[in-house]
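Enquirer: My questions are about this predicted structure, shown below with the sequence.
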Amino acid sequence: MRSKLYIGEFARLNRLSVKTVIHYHKLGLLPECGRSPAGYRLYGLDDMKRILLIRRLKELGLSLKQIGCLVADSDARKLLQEYLKSREQEITGQIRTLESQLASVRMMMAQHSAELSESLGDPPSYQYIRGALGRELYESNPGMARQEKQLCEILDGYEWDTGHEQLLSDVAAHFQNNPDLLQRFVDLGIRLHELAAVPANSLEVEELARDYATALAELSIPGLPSPGSYPESPFASLMDEMLQDALSPSQARFMELCHSMLKPSKEE
């Protein structure tokens, strides 16, 4: 399965038009990418990272010219900080005209500060997982929470067509009624996070992959497809590459082993 995308696929996956992608190339925001033997543009992992950065900067209110300076500069963090400070001054100057709205927001924050601080800006998939596994787990494992958010940003940041949102929602609802099963997956999740500190060829990786695959195979939820038969995105290879890029070598090997163990055999 190919991991390179044609421009139409690249644009759709990033919720952009082909015209916009070409425009970004002309402005120098996107560097010239590789091409197929037939001359078609081909986009890969580095291009996906670059376009996501551009989209996030644009969401912050930066102009394309400002974004161009940031992505081209080796000290982009410093420039971004300078822009944010300038933006902060602009917003502060507008506060007087928004006093009534500000008072309402502060009242809501005072009433729900804990809930807002934990959930505002979190990817939807991360909220499902945190809600199912419990906030205490992530409060006591900040590193695990950060990695989980990073993986969920990849899942939620593009139109992968996997149906993972509904899958996570169904599993989360099932866990609420099955505390023993929930604890089993909590323990597996903690072991997966701890794999980051062991070598990729460690026996712990294989043992966890077997335990995880067994747990998933035994997960029986009415109406839920069996593991290995979940809807596969047409961009599955690229999605796997991006997810593995966010994992440690041992975690990436675990992911490959688990996928192999759950994949139906040809005889089935």
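Expert: Thanks, I have it.

Enquirer: all helices of this structure, in order?
Expert: Assigned by DSSP state H, the chain shows helices spanning 7-13, 18-27, 45-59, 64-72, 76-94, 99-119, 124-133, 135-140, 142-156, 164-176, 179-194, 203-218, 236-245, 249-262.

Enquirer: Report the mean confidence score over the last one.
Expert: Going back to what we said before, that points to helix 249-262. On average, the pLDDT along helix 249-262 is 86.

Enquirer: List the buried residues for it?
Expert: Ser250, Gln251, Ala252, Arg253, Phe254, Met255, Leu257, Cys258, Met261, Leu262 (16 or more other Cβ atoms under 10 Å). Any C-beta I mention is one placed from the backbone N, CA and C, and that applies to glycine too.

Enquirer: quick one on the thing from earlier: closest one to Ser36 among the helices of the chain?
Expert: helix 7-13 (10.8 Å; Cβ to Cβ).

Enquirer: ok, residues contacting that closest one?
Expert: 5, 17-18, 20-22, 40-41, 43, 47-48, 51, 158-160, 235 (Cβ atoms under 8 Å, 6 or more residues apart in numbering).

Enquirer: please redo it, this time with the cut-off set to 6 Å
Expert: Residues outside helix 7-13 that contact it (Cβ atoms under 6 Å, 6 or more residues apart in numbering) are Ser17, Val18, Val21, Arg41, Tyr43, Tyr158, Glu159.

Enquirer: Select only the buried ones of these in ChimeraX?
Expert: The ChimeraX selection below is limited to those of those classed as buried (16+ other Cβ under 10 Å):
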select :21,41,43,158
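
Enquirer: Show me the contacts of helix 7-13 that map onto strands.
Expert: Arg41 (DSSP state E).

Enquirer: Quick one: the contacts of helix 7-13 as JSON lines, columns for pLDDT and distance to Leu192 too.
Expert: Below are the contacts of helix 7-13 laid out as JSON lines (pLDDT from 0 to 100; distance: Cβ to Cβ, whole Å):
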{"residue": "Ser17", "pLDDT": "95", "distance to Leu192": "38"}
{"residue": "Val18", "pLDDT": "95", "distance to Leu192": "38"}
{"residue": "Val21", "pLDDT": "95", "distance to Leu192": "36"}
{"residue": "Arg41", "pLDDT": "94", "distance to Leu192": "37"}
{"residue": "Tyr43", "pLDDT": "94", "distance to Leu192": "30"}
{"residue": "Tyr158", "pLDDT": "82", "distance to Leu192": "23"}
{"residue": "Glu159", "pLDDT": "79", "distance to Leu192": "27"}
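
Enquirer: which stretch in the helices of the chain has the least confidence?
Expert: Minimum mean pLDDT among these: helix 99-119, a mean of 61.

Enquirer: burial of Thr20, as a residue count?
Expert: 13 (other Cβ atoms under 10 Å).

Enquirer: What about the closest residue in space to it that isn't next to it in sequence, how many residues nearby?
Expert: Take Thr20 and drop its neighbours on the chain: the residue closest to it by Cβ to Cβ, 6 or more residues apart in numbering is Ala11, 7.1 Å away. Using other Cβ under 10 Å, Ala11 has 19 neighbouring residues.

Enquirer: Ala11 and Asn141, how far apart?
Expert: 37 Å (Cβ to Cβ, to the nearest Å).
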